[in-house]
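S.K.: Predicted model and sequence follow; I will ask about them next.
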Amino acid sequence: MYPSSVSHHSSPRDQQIIFRPFSTTYLAQKPTLYLDNNLVQQDFIPSKQILILINLKNDFYSRLWPFGFGFFARYWSRNDARAKVTNDVPSEVDYIVVGSGPGGGPLASRLALAGYEVLLIDAGDDQGDQILAEMPIFQFASTEIEAQQWDFFVHHYSDLERQKKDTKMTYQTTDGDYYVGLDPPADAEPLGVWYPRAGTLGGCSNHNAMISIYPHDSDWQHIVDITGDDSWAPDNMRTYFEKMEHCDYLPEDTPGHGFDGWLHTGATNQTMIVQDEKINSIVISAADAFSVNASDSTLVNAKGFDQVVSLDPNSPSSATNNATGLYQIPIAVDGRTRNGARNFILETANAVNTDGSQKYKLTLKLNTFVTKIRFSNDTTPRALGVDFLEGKSLYRADPRAGKNGTQGTPGSVNARKEVIISGGTYNSPQLLKLSGVGPKAELESFNIPVLVDLPGVGTNMQDRYETTLVSESDIPFSIAEGCTFLTTPDDPCLTQWRNDTTDAGLYATPGLPLAMIARSSTAGEDPDLLISGAPANFHGYYPGYSGPALGDALHWSWITLKAHARNTAGTVTLRSSNPLDTPLIQMHYFDEGTSTDDAWEKDLQAMYEGMSLSRQVMNSVVPLDGSFNETWPGADVSTEEELKEFIQDEAWGHHISCTNPIGADDDEMAVLDSSFRVRGTSGLRVVDASVFPKIPGFYIAVPIYMVSEKAAAVIIEQDAAGTSYR
């Protein structure tokens, strides 16, 4: 069934990746793993380790990679604060929040801090103290911790033959293994392109890249324009950011930032960056592309780096906020560890009074999958509560689903006030539809009783377009010198991360030292390209990608991200009426999607210009410490036509959003009003990435946190005024 070797190819796009169950047939020496100089289970054979055969050069070779470091995680954990969960659910609470990610987690905490009794339900458990989740450098690996990963497979094109041109296309073989590549076994089932999500306390904030960038003011003004609700005005939305942020990288009198909030934001240690001559050479070339004066002598210290990479993307200044140039990327790191929704949840749920009793009425119910929202029989159905199944790994996005034989224990809980759905862009519309709220024809096709015919549920799905340009040097980056990434008993970088109170080192950064923000020729009022650079061999997401991504210190990736993509044609539709099945996810990229006013051509042109800028920078690098050779897409993808074809074949995204959009009262496709209330119902709101009418800014985490903070304020205000329900 499997090829015994990889054929000789002329292009890196012809790579093949074959995943087989782990066996000593493929690896003579079992992995030896260490933490704090202690041997970690040498004889452990992970259930999902894989063999990856990759042909990346003209001569073919094979490499063995662990499955994204994911199997390490269950052994490597710190004694950190953990969730106090309960199996004893009260029969009724004030607010039920379904989903603990960036939308639901802060919201639940704010409601509890305001004195309400809140039940926060999540299908996953608490994996936040896993070392690979906590340690920022392993942000790639954190997406492949089996105990928290949810695997969705999406289609960029409805035309399957066109979809198969993507080298990340994943298939399932008859043996149950994954194949990724262009030449699958004839009997393999096409699944789609892997889209990692997180089923754990804190949701996707527990596996994201920690990039924390404020959206454009125009994103908030658009909601004002379509709804007439001035509470979404940019100046007011800035107050929610200031409330939640705990800025650690700027002086405390810096306007527009917060310094007492729950979300710590920092920046990569500049001293560490400037000590790497290879990074310096790339920074100098990037600065030159934006006519910024830089030289090797300028970058001899952190102050010089700060003068070159001087722009703050979170500044409230419109001049700075819309400027093109080199930026240091703010990251959600608290000193040395990942920071996100989980931290705020635990801070609230674990707070105690002086007598040791729980201070706030926030109850966490994990390993609990909500299957349905229950409604009253009123003319306007009111959300009364939710039904759920209690058990681990029930949802079929969980790679462990079905392996323990459990079907889950049924249960239910009622809400005195409201039910708030924060399951994310895929799961929130799925749950609404399964509960009878959604497009009538789709619900009737699965014999689901229609409570509210709401045609916009699961439509309008949007994402970024992203691609990478990867270059290789024959001399490694010195920034990682000495680091063994937990594979030896005396990893000095782990020791530094653990013990150094002033400089936690490389492991305290997600590895993204800088970004170029640019404006394409097709941009609207705001810059539309963010091109982040990192020492990695990153081609996008596929099962097992995290091993090759950080497999050596020889590669540099420029990741081109197209903000404000114009495509609104994506859909989330039901696969079946079984709530444990994943939905069908169709993106309809480029010419399959939005075409009004040349929309897809403009997006494609912007992506082409972004990748061309990346090439310009790498082609102009002065080899201070070795030269670079482009390996992806490679020299054989050289003309504009070839590069645009590559982009259409290989683009991906990871900020999925907008499937339950806020909109105007007279817009039949608007799912929510400007207060997050589900139209045609009472006592039901949605608060997560699905609420945006247009995908905001460059990165999605901060905008979601901001709408979570806003939703909490709106709910508290409306409850006090007695105007929660309409």
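M.R.: Sure thing, it's come through. All figures in this text were calculated on a predicted structure; none of them were measured in a lab.
S.K.: Name the nearest residue to Leu160, ignoring sequence neighbours.
M.R.: Nearest residue to Leu160, sequence neighbours excluded (C-beta to C-beta, 6 or more residues apart in numbering): Pro190, at 6.4 Å. C-betas here are computed from N, CA, C, even on glycine.
S.K.: Equivalent analysis for Asp217, please.
M.R.: Closest residue to Asp217 apart from its sequence neighbours, by C-beta to C-beta, 6+ apart: Pro234 at 3.8 Å.
S.K.: Beta-bridge partners for the nearest residue to Phe628 once chain neighbours are set aside, please?
M.R.: Among residues not flanking Phe628 along the chain, Ser471 sits closest, at 3.9 Å (C-beta to C-beta, 6+ apart). Bridge pairing for Ser471 (DSSP bridges) gives the partners Trp556, Glu630.
S.K.: thinking again about what came up before, okay, now the residue nearest to Leu160: neighbour count?
M.R.: Pro190 is flanked by 15 other residues according to other C-beta atoms under 10 Å.
S.K.: sec struct for it, please.
M.R.: Look at Pro190: counting by DSSP: H, G, I helix; E, B strand; the rest coil, its state is strand.
S.K.: That one and Glu161 touch, don't they?
M.R.: No. With contact defined as C-beta atoms under 8 Å, Pro190 does not reach Glu161; the gap is 10.2 Å.
S.K.: For the residue nearest to Phe628, give me its contacts.
M.R.: Residues in contact with Ser471 (C-beta atoms under 8 Å, 6 or more residues apart in numbering) are 555-556, 618, 628-631.
S.K.: Tell me the spacing between it and Gly547.
M.R.: Distance from Ser471 to Gly547, counting by C-beta to C-beta, to the nearest Å: 20 Å.
S.K.: repeat for Asp312
M.R.: Distance from Asp312 to Gly547, counting by C-beta to C-beta: 34 Å.
S.K.: Over to Ile695?
M.R.: Between Ile695 and Gly547 the computed distance is 30 Å (C-beta to C-beta).
S.K.: Settle it for me: which of those two has more neighbours?
M.R.: Higher neighbour count among Ile695 and Gly547: Ile695, with 27 against 23, using other C-beta under 10 Å.
S.K.: Three-state assignment for that one, please.
M.R.: Following three-state DSSP, Ile695 is assigned to coil.
S.K.: got a list of what it touches?
M.R.: Contacts for Ile695 (C-beta under 8 Å, 6+ apart) come out as 462-464, 563-565, 655, 657-658.
S.K.: what's the burial count for the closest residue to it other than its chain neighbours?
M.R.: Closest residue in space to Ile695, ignoring its immediate chain neighbours: Gln462 at 4.2 Å, by C-beta to C-beta, 6+ apart. Neighbour count of Gln462, defined by other C-beta under 10 Å: 28.
S.K.: before we move on, what about the one 3 residues further on?
M.R.: Other residues near Tyr465 come to 26 when the count uses other C-beta under 10 Å.
S.K.: Over to Met669?
M.R.: Met669 has 15 neighbouring residues, counting by other C-beta under 10 Å.
S.K.: same deal with the one 3 residues further on?
M.R.: Around Leu672 sit 24 other residues, with neighbours defined as other C-beta under 10 Å.
S.K.: pLDDT value on the residue nearest the centre of the chain, please?
M.R.: Closest residue to the average C-alpha location of the chain: Asn208 at 4.4 Å, with C-alpha atoms, centre = their mean. What the model reports as pLDDT for Asn208 is 97.
S.K.: Check the offset of stretch 408-428 from the chain's centre.
M.R.: Offset of stretch 408-428 from its chain centre (C-alpha atoms, centre = their mean, to the nearest Å): 22 Å.
S.K.: Buried residues, that stretch. List them.
M.R.: Buried positions in stretch 408-428, judged by neighbour count with 16 or more other C-beta atoms under 10 Å: 408, 413-415, 417-428.
S.K.: Inside strands: which ones of those residues?
M.R.: Of these, the ones assigned to strands by DSSP state E are 413-415, 417-421.
S.K.: of all those residues, which comes closest to Ile345?
M.R.: Taking C-beta to C-beta as the measure, Ile345 sits nearest to Ile420 out of these, at 14.4 Å.
S.K.: which ones are touching the closest one?
M.R.: The contact partners of Ile420, taken as C-beta under 8 Å, 6+ apart, are 95-98, 104, 107, 676, 684-687, 711, 715.
S.K.: Counting neighbours, which of those residues comes out on top?
M.R.: Leu107 (33 neighbours).
S.K.: Checking that residue next. Helix, strand or coil?
M.R.: Put simply, Leu107 is helix when judged by three-state DSSP.
S.K.: mind checking pLDDT for it?
M.R.: So, for Leu107, pLDDT stands at 99.
S.K.: Also Asn38?
M.R.: So Asn38 comes in at 45 (pLDDT).
S.K.: same check, this time on Arg74
M.R.: pLDDT, Arg74: 38.
S.K.: can you check Asp235 too?
M.R.: Asp235 is assigned 96 on the pLDDT scale.
S.K.: likewise the one 4 residues further on?
M.R.: Thr239 is assigned a predicted lDDT (pLDDT) of 98.
S.K.: Quick one: list the elements packing against the helix or strand hosting it.
M.R.: For Thr239, the host element (DSSP states H and E) is helix 234-244. Judged by 3 or more C-beta pairs under 8 Å, 6 or more residues apart in numbering; DSSP states H and E, the packing partners of helix 234-244 are helix 217-227, helix 701-721.
S.K.: in the stretch 201-350 of the chain, which ranges drop under the pLDDT threshold?
M.R.: Where the stretch 201-350 of the chain drops to pLDDT under 70, the residues are 293-308, 310, 318-321.
S.K.: Could you pull out the strands in it for me?
M.R.: Secondary structure of the stretch 201-350 of the chain (DSSP state E, counting those that start in this stretch): strands at 245-247, 263-265, 325-327, 333-334, 337-338.
S.K.: JSON lines for these, including mean neighbour count and distance to Thr143?
M.R.: Listed next are the strands of the stretch 201-350 of the chain as JSON lines, based on neighbours: other C-beta atoms under 10 Å; distance: least, C-beta to C-beta, whole Å:
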{"stretch": "strand 245-247", "mean neighbour count": "22", "distance to Thr143": "25"}
{"stretch": "strand 263-265", "mean neighbour count": "24", "distance to Thr143": "20"}
{"stretch": "strand 325-327", "mean neighbour count": "21", "distance to Thr143": "24"}
{"stretch": "strand 333-334", "mean neighbour count": "21", "distance to Thr143": "17"}
{"stretch": "strand 337-338", "mean neighbour count": "25", "distance to Thr143": "12"}
